[in-house]
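# no sequence for this one, just the structure:
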């Protein structure tokens, strides 16, 4: 009986030590990526950065602790393609949710002027894994590169943080 208790204790200790090392490694990767970003973003007090399931920087409210948060904001550079003469309009037309994996898909596009010039706002709504999602993308060009500033939310939470999304966009600055 003592052997079983000792064995369980050793397994428990090894498991805890492994989880701690994984968390430390994730924090180091997150810090390195944050330090190498080409932009600065001021986060509201109740938001923090994290690594998403693709190991990319994302931002979410503090209460959202899972790898699959209900609310998430991302800034990303849209990779260049072979056709380097694409316009912002053509890039926006190519960027879209993969409709093969969703149902009840809806897309609406609006053009506005922001501090980055002509900016496309694309709202996408769809059902995936029995949950309704809304994504608001803002596409713009800065220094000959295309960017997407995106807000992902389930439909029940979309309006709760939409103001934070706007405030964070206004704080967005490139190095």
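Everything's here; your move. All of these numbers come straight from a predicted model, not from anything done at the bench. Numbering: from 1, shown residues only.
# from here on, contacts and neighbour counts on C-alpha atoms
OK.
# so who does the residue sitting nearest the centre point of the chain touch?
Centroid-nearest residue in the chain, with C-alpha atoms, centre = their mean: residue 74, separated by 3.4 Å. For residue 74, the contact set (C-alpha atoms under 8 Å, 6 or more residues apart in numbering) comprises 57-59, 148-151.
# Looking at neighbours, which among the residues you listed is most surrounded?
Neighbour count (other C-alpha atoms under 10 Å) singles out residue 151 as the most crowded of the contacts of residue 74, with 25 neighbours.
# Could I get the contacting residues of that one?
Applying C-alpha under 8 Å, 6+ apart, the residues contacting residue 151 are 71-74, 135-137, 165.
# Identify, from these, the entry nearest to residue 157.
Among the contacts of residue 151, residue 71 lies closest to residue 157 (C-alpha to C-alpha), at 7.2 Å.
# Look up how far residue 85 lies from that closest one.
34 Å (C-alpha to C-alpha, to the nearest Å).
# Give me the more crowded residue out of the two.
residue 71 (24 against 9).
# Residue 63 is in contact with the more buried one, correct?
No - using C-alpha atoms under 8 Å as the test, residue 71 is too far from residue 63 to be in contact (9.9 Å).
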